[in-house]
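Novice: Next input, structure requested:
(one chain, ligands or ions: 1)
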Amino acid sequence: MSYSRHSAATRYAVVDGEISVGGIRLSRLAARVGRTPFYAYDRSLLVARMAELRALLPTTLSLHYAMKANPMPAVVGFMAGLVDGLDVASGGELLVALDTGTDPRQISFAGPGKSEVELMQSVAAGILVNVESRRELRLLAEVGSRLGLTPRVAIRVNPDFELKSSGMRMGGGAKQFGIDAEAVPDALAECAQLGLGFEGFHIFSGSQNLRVEAITEAQTKALALAIRLAQNAPSPVRTVNLGGGFGIPYFPGEQAIDLAPIGEHLRGLVVDAAAALPHVELVLELGRFLVGEAGVYVARVLDRKVSRGEVFLVIDGGLHHHLSASGNFGQVIRKNYPVEIGNRMGDVQREIASVVGPLCTPLDLLADRMELAVAQPGDLVVVYQSGAYGHSSSPTRFLSHPDAIQVLV
Ligand SMILES: *Cc1c(COP(=O)(O)O)cnc(C)c1O
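Specialist: The predicted structure follows:
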């Protein structure tokens, strides 16, 4: 029987019938970790992805890592050495970002509902706050005068356009994110009046986009909007964050995005930006695209059951560690993540089987009737495309099973 491996799976070499992660055979890695389930993130794939971006995107463009995609401190620390800056979404993430030694001038904070404490942390650290409301402007001014520091602010704009065909829309229409584009001139006036250190705009319109034309169109519109809004800015615009939104392929039929035309398009935008805003630094903030393909989730088969003719592989992990792969983190119609029996890559005997977790809910399903190598208890199930929105976006307390271990190899 022949089958085609998912493009993500082919990034992991097969040695003696086992995939290897970070150059280590899966069974040896499992022994090294000590127990299953675990997430393993591969340094060499993080490096390769960054190199690919650097080769194809304009050199003057700054690349930031949006760390909510994978906030494991070792991953963030490693990424900090590869990117130009870090974007955080909470005070907790800020502490991890600062621990990496990243220059606070290269750290920014976006997120609706920043608390006064988080704003205080940000001002004290000297990072850029992407302001999402007038309340945040006023609180920043208060905190700044208390600390004797000038808060650094950018206005996060809720644009008057949407990122087409985005997996998760985060801009356009009525949204909780940012300040509506039409209300930005008033916010800028208040920013000046409060004596805040205005630096620029942040325009992020969505996530998990696989369509090149939609991404480039959103970038063109974001820059045009920033240039238009700059007319009301109290000081020269020094930074325009164009967001990110680059997706990765998860499901059958999805194709990896082609970076070459995006790079070509951005080369034009860099020129336009420099002409209109002479002091500007253009920033892309990417989360999923940087780390998503560099991670696998590994769990062990506990039981092999046949129910009315259908095979179920019951594993020691599940949706409590990997909500995304169960389809319950933003999927509308459940589809299977790429899954394989990682220690039986050479086996010719294959079957249709479902991979389920130990939780008492039918939602705990990591593969629904997929073609897999015939597995037995003790075998290792691998879920690819698990480097982003995996561990940290899962309900790890649900049913009180042990947490998954995370390793960077
Ligand atoms: C989540 C988020 C990102 C990262 O999105 P990805 O789809 O993981 O690239 C970037 N910027 C902001 C403001 C975010 O909230």
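
Novice: Not counting its neighbours along the chain, what's nearest Gln121?
Specialist: Distances taken as CB to CB, 6 or more residues apart in numbering place Gly91 nearest to Gln121, at 5.0 Å, with adjacent residues excluded. For glycine as for every other residue, the C-beta is placed from the backbone atoms N, C-alpha and C.

Novice: Assumed Arg49 was part of a helix.
Specialist: Yes. Assessed with DSSP: H, G, I helix; E, B strand; the rest coil, Arg49 lies in a helix.

Novice: still on that earlier bit, kindly provide the distance from the residue nearest to Gln121 to Pro278.
Specialist: According to CB to CB, to the nearest Å, Gly91 and Pro278 sit 34 Å apart.

Novice: ok, Gly378 - contacts?
Specialist: Gly378 makes contact with Arg300, Val301, according to CB atoms under 8 Å, 6 or more residues apart in numbering.

Novice: OK, contacts around the residue nearest to Gln121?
Specialist: By CB under 8 Å, 6+ apart, the contact set of Gly91 is Ser115, Val117, Glu118, Gln121, Ser122.

Novice: Show me these that map onto strands.
Specialist: Assigned to strands by DSSP state E, none of the contacts of Gly91 qualify.

Novice: Select from those residues the one having the most neighbours.
Specialist: Per-residue neighbour counts (other CB atoms under 10 Å) across the contacts of Gly91 peak at Ser122, which has 26 neighbours.

Novice: for that one, what are its contacts?
Specialist: Counting by CB under 8 Å, 6+ apart, Ser122 touches Gly91, Leu94, Phe109, Lys114, Val129, Pro151.

Novice: So what sits opposite the residue of the stretch 1-150 of the chain found nearest the ligand in the bridge?
Specialist: The stretch 1-150 of the chain approaches the ligand most closely through Ala66 (3.5 Å), counting by CB to the nearest ligand atom. Beta-bridge partners recorded for Ala66 (DSSP bridges): Asp87.

Novice: Isn't it up against Gly287?
Specialist: Yes. Between Ala66 and Gly287 there is a contact under CB atoms under 8 Å: 3.6 Å.

Novice: any common contacting residues for these two?
Specialist: Residues touching both Ala66 and Gly287 by CB under 8 Å, 6+ apart: Gly244.

Novice: And the residue of the stretch 101-250 of the chain found nearest the ligand, how close does it get to Val75?
Specialist: Minimum separation of the stretch 101-250 of the chain from the ligand (CB to the nearest ligand atom) falls at Ser207, amounting to 3.3 Å. Ser207 sits 19 Å away from Val75, going by CB to CB.

Novice: Now stretch 278-291 - C-alpha only, PDB.
Specialist: Output in PDB follows, covering the C-alpha atoms of stretch 278-291 (Å, rounded to 0.1, in the frame of the first residue of the first chain):
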ATOM      1  CA  PRO A 278      11.000  58.600   6.200                       C
ATOM      2  CA  HIS A 279      11.700  57.300   9.700                       C
ATOM      3  CA  VAL A 280       9.600  54.200   9.600                       C
ATOM      4  CA  GLU A 281      10.500  50.600  10.500                       C
ATOM      5  CA  LEU A 282       8.100  48.100   9.000                       C
ATOM      6  CA  VAL A 283       7.400  45.100  11.200                       C
ATOM      7  CA  LEU A 284       5.800  41.700  10.600                       C
ATOM      8  CA  GLU A 285       4.700  39.700  13.700                       C
ATOM      9  CA  LEU A 286       4.400  36.000  13.100                       C
ATOM     10  CA  GLY A 287       3.600  33.300  15.600                       C
ATOM     11  CA  ARG A 288       2.200  30.100  14.000                       C
ATOM     12  CA  PHE A 289       4.300  30.400  10.800                       C
ATOM     13  CA  LEU A 290       7.600  30.500  12.800                       C
ATOM     14  CA  VAL A 291       7.000  27.700  15.200                       C
END
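
Novice: Give me every residue in this protein lying close to the ligand.
Specialist: 66, 68-69, 87, 89, 110, 204, 207-208, 244-245, 285-289, 388 (CB under 6 Å from any ligand atom).

Novice: could you redo the last one with a cut-off of 5 Å?
Specialist: In this structure, the chain approaches the ligand at residues Ala66, Ala69, Ala110, Phe204, Ser207, Gly244, Glu285, Leu286, Gly287, Arg288, judged by CB under 5 Å from any ligand atom.

Novice: With respect to Ala13, which of these is nearest?
Specialist: Distance to Ala13, by CB to CB, is smallest for Arg288 among the residues of the chain next to the ligand, at 23.3 Å.

Novice: Surely the closest one and Gln385 touch.
Specialist: No. At 9.3 Å, Arg288 and Gln385 do not qualify as touching, with contact defined as CB under 8 Å.

Novice: hey, what's in contact with both of these two?
Specialist: Ile248.

Novice: Those two: which is more packed in?
Specialist: Neighbours per residue, other CB under 10 Å: of Arg288 and Gln385, the larger number sits with Gln385, 27 against 23.

Novice: any idea how far the more buried one is from Ala233?
Specialist: Remark: distance between Gln385 and Ala233 (CB to CB) = 40 Å.

Novice: repeat for Ile262
Specialist: 27 Å.
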